[in-house]
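Peer 1: only geometry, no sequence info:
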RNA sequence: GGAGGGAUGGCAGAGUGGUUGAAUGCGGUGGUCUUGAAAACCACUGAAGUCCUUUGGGCUUCCGGGGGUUCGAAUCCCUCUCCCUCCGCCA
């Protein structure tokens, strides 16, 4: 089944490497006024999704079954019919009024007052009619918009079909799980023994699911962050972004976190300020409401940010250790590409994330999400899971996904094709590269020694200020 | 937080109620000229929606967002947002 109206049907061309200091030619850089005064994203992109639903209703409904979810498709189609009927009527009335009003101007200039007055009266009546119809139309369009925002992305044909995570597919496994001649400890024991993770004081400050990193523990995390940013920027061709950690609501609508998943977000009670749950949100929205030049694509960005999540939906899960907190750090990669290159770019993105695991010499595996475990916005998604020897668990440290034009439609991110044709929506992708707490867990647990110390992986030693072993 | 000034097409910048989707300049595209190029000249140059007898044509909407006045709004009124200047506060 097609992922979207713009699904690529032929092998994409070789992606071009992105010069890291390419001059930024977006209109936002030339003049940031437009980027600040945003129109609702509805009129542009989302209408194309509507068009797709209209023409491929059966495909969409089958996709919803595969995704094991629901969306108000029938309501959308009904509203769509009403909308177009009323629109046709309103527009022809408007055309009539425009012509009539123009005639008034001519009559006035001729000094023909009586006829002008009569015409004014007729146009006034027309105006009332238009006003009433328009009010109905506004209501219908608002309803349509709300419903459309609840429709998930369509999975690519290659995504395995299954109702839940049991049908996810482990594609491959890399590296050797470390062998120990002692019983490896979980990271919460290692961290406390080395006095580099302070759970009690974290809870004292902020409650459950908070912790404090201390000394070499804090340094280890900082080293990993800096090192990963260096690898992605210096070797993988990404441009580093330091974005706001607080965004407006429309950004979260753009990436698909809202309106459906607001319960997992922190936001200001008085003002429209939301803490980001991932760097994906500000980074993807960087180019919202813009039309880029095709020559600017692909754009590769990498951003380090803290992430804030309420974990309402995972209450009670993973309460021990640092696996799942309300605040965590992450290095995130985001790509903006042409539709034709989207699928290939995902493989490259995944490889860029895997590269981090390989260089740290950590055992990992790649899991492909089946339809039932795909996120709301993803068309196809691969997770990277690191092996943690202490808790004997595979930890999800990265989710690499292609969103096709789903986010681009919601955030209205487009590009003008090099041949000068109509603007098209870009494809967006992202993947963690990587999430810090779980990466920390894997390092601590896999690199632990019998005496309780932890060896610092060679790749990040230059970033550890001479510390090779945490003891 | 207080006072004032602003927001127009890719950019600059006119436009204070009636063929203004928007002058003019720059940029861009195509053409004429030229051995080639430049210059000059000519033409074209935004987005979205919708309908039709759909390689095309019609209509509607859009001059920061929303609302109002009017037969008719870029133009008048209200409101919000953002930018700039000055004062206050501050990492």
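Peer 2: Structure received. Values in this document were obtained by computation on a predicted structure and should not be read as measured data.
Peer 1: how about the stretch 251-400 of chain A: which residue is closest to RNA strand B?
Peer 2: Here the residue of the stretch 251-400 of chain A nearest RNA strand B is residue A:291; by C-beta to the nearest atom of the strand that distance is 6.7 Å. Where C-beta positions appear, they are placed from N, C-alpha and C, glycine not excepted.
Peer 1: parallel or antiparallel, list what pairs with the host helix or strand of residue A:428.
Peer 2: Secondary structure from DSSP states H and E places residue A:428 in strand A:427-435. Applying DSSP bridges to the sheet, strand A:427-435 is found paired with strand A:327-337 (antiparallel), strand A:393-402 (antiparallel).
Peer 1: work out the gap between it and the centre of the chain.
Peer 2: 8 Å (C-alpha atoms, centre = their mean, to the nearest Å).
Peer 1: which is the succeeding secondary structure element to that strand?
Peer 2: Assigned by DSSP H and E, the successor of strand A:427-435 is helix A:436-446.
Peer 1: what angle separates that following helix from strand A:327-337?
Peer 2: 110 degrees (axes from the mean of the first three to the mean of the last three C-alpha atoms, to 10 degrees).
Peer 1: ok, and for helix A:436-446, which residues are buried?
Peer 2: A:436, A:437, A:438, A:439, A:440, A:441, A:442, A:443, A:444, A:445, A:446 (16 or more other C-beta atoms under 10 Å).
Peer 1: residue A:161 in helix, strand or coil?
Peer 2: coil (DSSP: H, G, I helix; E, B strand; the rest coil).
Peer 1: reformat the buried residues of helix A:436-446 as TSV; add pLDDT and distance to RNA strand B.
Peer 2: Output for the buried residues of helix A:436-446, formatted as TSV (pLDDT from 0 to 100; distance: C-beta to the nearest atom of the strand, whole Å):
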residue	pLDDT	distance to RNA strand B
A:436	96	24
A:437	96	27
A:438	97	31
A:439	97	29
A:440	98	28
A:441	97	33
A:442	97	35
A:443	98	32
A:444	97	33
A:445	97	37
A:446	97	39
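Peer 1: you'd agree the residue of the stretch 251-400 of chain A closest to RNA strand B is in a strand?
Peer 2: Yes: with three-state DSSP as the criterion, residue A:291 is part of a strand.
Peer 1: what's opposite it in the beta bridge?
Peer 2: residue A:414.
Peer 1: part of a helix, is residue A:382?
Peer 2: No: using three-state DSSP, the secondary structure at residue A:382 is strand, not a helix.
Peer 1: how many residues are close by it?
Peer 2: 24 (other C-beta atoms under 10 Å).
Peer 1: how about it: what's its closest non-neighbour residue?
Peer 2: Closest residue to residue A:382 apart from its sequence neighbours, by C-beta to C-beta, 6 or more residues apart in numbering: residue A:400 at 5.0 Å.
Peer 1: and what of residue A:201?
Peer 2: residue A:212 (5.1 Å).
Peer 1: and the stretch 301-450 of chain A, which of its residues are near RNA strand B?
Peer 2: Residues of the stretch 301-450 of chain A lying near RNA strand B by C-beta under 7 Å from any atom of the strand: A:414, A:416, A:422, A:423.
Peer 1: where do the helices sit along the stretch 251-400 of chain A?
Peer 2: A:280-284, A:342-359 (DSSP state H, counting those that start in this stretch).
Peer 1: oh, I was asking about the stretch 101-250 of chain A
Peer 2: So, for the stretch 101-250 of chain A - with DSSP H, counting those that start in this stretch - the helices run A:113-148, A:187-193, A:199-206, A:216-230, A:249-255.
Peer 1: and the second one, what does it pack onto?
Peer 2: In this structure, helix A:187-193 makes packing contacts with strand A:197-198, helix A:199-206, helix A:436-446, judged by 3 or more C-beta pairs under 8 Å, 6 or more residues apart in numbering; DSSP states H and E.
Peer 1: count of residues packed around residue A:127?
Peer 2: Neighbour tally, residue A:127, other C-beta under 10 Å: 15.
Peer 1: for it, give me its contacts.
Peer 2: By C-beta atoms under 8 Å, 6 or more residues apart in numbering, the contact list for residue A:127 reads residue A:97.
Peer 1: name all residues that make contact with residue A:122.
Peer 2: residue A:100.
Peer 1: where's the residue of the stretch 351-471 of chain A found nearest RNA strand B relative to residue A:415, distance?
Peer 2: Relative to RNA strand B, the nearest point of the stretch 351-471 of chain A is residue A:423 (4.6 Å; C-beta to the nearest atom of the strand). For residue A:423, the distance to residue A:415 equals 7 Å [C-beta to C-beta, to the nearest Å].
Peer 1: what residues are shared contacts of these two?
Peer 2: residue A:291.
Peer 1: for those two, indicate the residue with more neighbours.
Peer 2: residue A:415 (25 against 16).
Peer 1: surely the more buried one and residue A:421 touch.
Peer 2: No: if you go by C-beta atoms under 8 Å, residue A:415 and residue A:421 don't touch, sitting 10.5 Å apart.
Peer 1: identify the bridge partners of residue A:335.
Peer 2: residue A:300, residue A:429.
Peer 1: what sits against it?
Peer 2: A:298, A:299, A:300, A:301, A:345, A:349, A:428, A:429, A:430.
Peer 1: does the second one touch residue A:341 like I think?
Peer 2: No: under the criterion of C-beta under 8 Å, residue A:299 is not in contact with residue A:341, lying 11.8 Å apart.
Peer 1: what's in contact with stretch A:449-456?
Peer 2: With C-beta under 8 Å, 6+ apart, stretch A:449-456 has contacts from A:180-182, A:185, A:190, A:193-194, A:220, A:443-444, A:447-448, A:464, A:467-471.
Peer 1: then stretch A:416-425?
Peer 2: A:6, A:45, A:48, A:291-295, A:338-339, A:405, A:408-409, A:413-415.
Peer 1: my guess is residue A:372 contacts residue A:162, does it?
Peer 2: Yes: at 5.2 Å, residue A:372 counts as touching residue A:162 under the criterion of C-beta under 8 Å.
Peer 1: between the two, tell me which one has more neighbours.
Peer 2: Using other C-beta under 10 Å as the criterion, residue A:372 and residue A:162 rank with residue A:372 on top: 21 against 17.
Peer 1: so who does that one touch?
Peer 2: A:66, A:67, A:68, A:161, A:162, A:163, A:164, A:165, A:167.
Peer 1: right, I'll call it a day here.
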